[in-house]
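Undergrad: Return a 3D structure for these sequence lines:
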Amino acid sequence: MLEKYLPKEFTQELLLQWLINFGAAIVVFIVGRFIAKVIVKLLSHAMRSGKMDDLLVSFIASIVQSVLMLFVIIASLEQLGLDTTSLVALLGAAGIAVGLALKDSLQNFSSGVMLIIFRPFKTGDFIEAGGVTGLVEHIGIFTTNLRTGDNKEVIVPNGQIYGGTITNYSSKPTRRVDITVGISYNSDIKKAKEIIQELLLKDTRILRDPAPMVAVGALNSSSIDLVIRPWVNSGDYWAVMWDFNENVKGAFDTAGIVIPFPQMDLHLHKSE
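TA: As a prediction, this is how the structure comes out:
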């Protein structure tokens, strides 16, 4: 009864062959999907064992699974006798077009992967990167969130961060405070250095090793510049700098050490 509705060339042999191909396609799809899941699971386990960020693990796993399933679908279609060459070429062209359209996003993604793998900074670090200085609150695949000192949230593209210079102020436990204080040429250099040394010894936040340094840094046109180089814990950096600037001004005023204003001496010669 069915034969009169079928084309003459559609014989039982062709029907059997089509059913076999269809069954093979189903088997390829089921087995391929199972293998893809196993590969993704093993890859995710390996990445987590390497202490890779969970966000990156999830993202890479989803990409790998999508690519593997694409191959499984193409292999299944081939079992049906379909020509997949045109399909592969179409997908390749579409991939190139999407890649060009998302060039900046792909750059940010690759930079985010590198930041997560090499970890030049971590959440909670105070850094300067991408033209922004702030506390790292979140490192994402495409962007990094920084909180500035005045409590603003700045979202910086990862490509801008990884492609430039990164300064991590929190990576080391100690930092050197660089302070320059000018005194007048009429002031006693030795006395000024003794006052500074006393202030350094009184401040318990200043580390004894390495020992702080006080030296004459430059003889400027209107002042003698004394450079002060104490070492402190990174968390005490700004507090020590601000307190020392205030304390040295008060101590110099009491001792009669003059911190001069920029000045120029004019000498007038009377012509006869």
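Undergrad: how much space between residue 114 and residue 161?
TA: As judged by CB to CB, to the nearest Å, residue 114 and residue 161 stand 10 Å apart. Any C-beta I mention is one placed from the backbone N, CA and C, and that applies to glycine too.
Undergrad: the more surrounded of these two?
TA: Between residue 114 and residue 161, residue 161 has the larger neighbour count (other CB atoms under 10 Å), namely 26 against 14.
Undergrad: Would you check that the more buried one makes contact with residue 107?
TA: No. Judged on CB atoms under 8 Å, residue 161 makes no contact with residue 107 at a distance of 11.3 Å.
Undergrad: Around the residue lying closest to residue 206 once chain neighbours are set aside, how many other residues sit close by?
TA: Nearest residue to residue 206, sequence neighbours excluded (CB to CB, 6 or more residues apart in numbering): residue 230, at 4.5 Å. Using other CB under 10 Å, residue 230 has 25 other residues around it.
Undergrad: quick one, what contacts residue 230?
TA: Contacts for residue 230 (CB atoms under 8 Å, 6 or more residues apart in numbering) come out as 176, 177, 179, 200, 203, 206, 207, 212, 213, 240, 244.
Undergrad: If any of these are buried, give me the PyMOL selection for them.
TA: Of the contacts of residue 230, the buried ones can be selected in PyMOL as follows, counting by 16 or more other CB atoms under 10 Å:
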select buried, resi 177+179+200+203+206+212+240+244
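Undergrad: In strands, which of the contacts of residue 230 appear?
TA: Among the contacts of residue 230, the ones falling in strands (DSSP state E) are 176, 179, 213.
Undergrad: Turn these into a markdown table, columns for pLDDT and distance to residue 35.
TA: Converted to a markdown table, these look like this (pLDDT from 0 to 100; distance: CB to CB, whole Å):
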| residue | pLDDT | distance to residue 35 |
| --- | --- | --- |
| 176 | 96 | 57 |
| 179 | 95 | 65 |
| 213 | 95 | 65 |
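Undergrad: How many residues are close by residue 175?
TA: Residue 175: 18 surrounding residues under other CB under 10 Å.
Undergrad: State the distance from it to residue 120.
TA: Noted for residue 175: a distance of 17 Å to residue 120, by CB to CB.
Undergrad: What of residue 180?
TA: Distance, residue 180 to residue 120, using CB to CB: 30 Å.
Undergrad: Who has more neighbours out of these two?
TA: Higher neighbour count among residue 180 and residue 120: residue 120, with 15 against 12, using other CB under 10 Å.
Undergrad: For this structure, just list every one of the strands.
TA: Along the chain, the segments classed as strands by DSSP E run 126-129, 132-139, 143-147, 153-157, 167-168, 174-176, 179-183, 213-219, 224-229, 231-233.
Undergrad: For residue 49, find the nearest of the ones you listed.
TA: Of all the strands of the chain, strand 132-139 sits nearest to residue 49, with 20.5 Å by CB to CB.
Undergrad: Which other helices and strands does the closest one contact?
TA: helix 103-118, strand 126-129, strand 143-147, strand 153-157 (3 or more CB pairs under 8 Å, 6 or more residues apart in numbering; DSSP states H and E).
Undergrad: Now do the buried residues in that strand.
TA: Buried residues in strand 132-139, defined by neighbour count with 16+ other CB under 10 Å: 132, 134, 135, 136, 139.
Undergrad: who touches that strand?
TA: The contact list for strand 132-139 (CB under 8 Å, 6+ apart) reads 53, 112, 115-116, 121-127, 144-149, 153-154, 156.
Undergrad: Give the PyMOL command for selecting the buried subset of those.
TA: This is the PyMOL syntax for the buried subset of these, where burial follows 16+ other CB under 10 Å:
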select buried, resi 53+112+115+116+121+125+126+127+144+145+146+147+154+156
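Undergrad: Quick check: the residue nearest to the spatial centre of the chain vs residue 21, distance?
TA: Geometric centre of the chain, nearest residue: residue 115, 4.9 Å, by CA atoms, centre = their mean. Residue 115 sits 48 Å away from residue 21 when distances are taken as CB to CB.
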